[in-house]
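Enquirer: Structural data only, the sequence is not supplied:
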């Protein structure tokens, strides 16, 4: 997430963002991590329920189509751990999150898809950064 969020940034969180609208691909969200004692963590939504995801040569493919990711930090194809991720079907009621700096992110590739009910809200602004 370093290309969007930097350490010690102050973020604006819209906790009502998903009351009347759906989570969208590209949204930067905050979720409650069950793995880390309910800590609040950020992540970028790249996969929605019932979509098939795959990373090939550093490029994200959703349902077989390559998705542009201008927010990915650096050349994702050159990051060894982000080059390949086999096909994965996002379960109903879940989203798949990837960090913008793929080699440094503990994201859904490692912790699994995130249940939508653990999403706290959408980050709309980070101090000193552009809107996301």
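Expert: Okay, I see it. Keep in mind that what you see is a predicted model, and the values were worked out from it rather than measured. Residues are numbered from 1 along each chain as shown.

Enquirer: rest of the way, CA atoms for contacts and neighbours
Expert: Fine.

Enquirer: how deep is residue 95 tucked in, by neighbour count?
Expert: As a burial measure, residue 95 scores 25 neighbours (other C-alpha atoms under 10 Å).

Enquirer: just residue 69 next, same as before
Expert: Residue 69: 13 surrounding residues under other C-alpha under 10 Å.

Enquirer: Tell me the pLDDT of it.
Expert: We have a pLDDT of 89 for residue 69.

Enquirer: Likewise for residue 109?
Expert: Value listed for residue 109 in the pLDDT field: 88.

Enquirer: Assign the spatially most central residue of the chain to helix, strand or coil.
Expert: Taking C-alpha atoms, centre = their mean as the criterion, residue 44 is the residue nearest the geometric centre of the chain, at 2.2 Å. Residue 44 carries the three-state label strand when classified by DSSP: H, G, I helix; E, B strand; the rest coil.

Enquirer: you'd agree it is up against residue 26?
Expert: Yes: between residue 44 and residue 26 a contact is recorded at 5.9 Å, counting by C-alpha atoms under 8 Å.

Enquirer: Strands of the chain, residue ranges please.
Expert: For the chain, the strands defined by DSSP state E occupy 11-14, 28-33, 39-47, 52-56, 59-62, 65-67, 84-89, 94-98, 114-115, 119-126.
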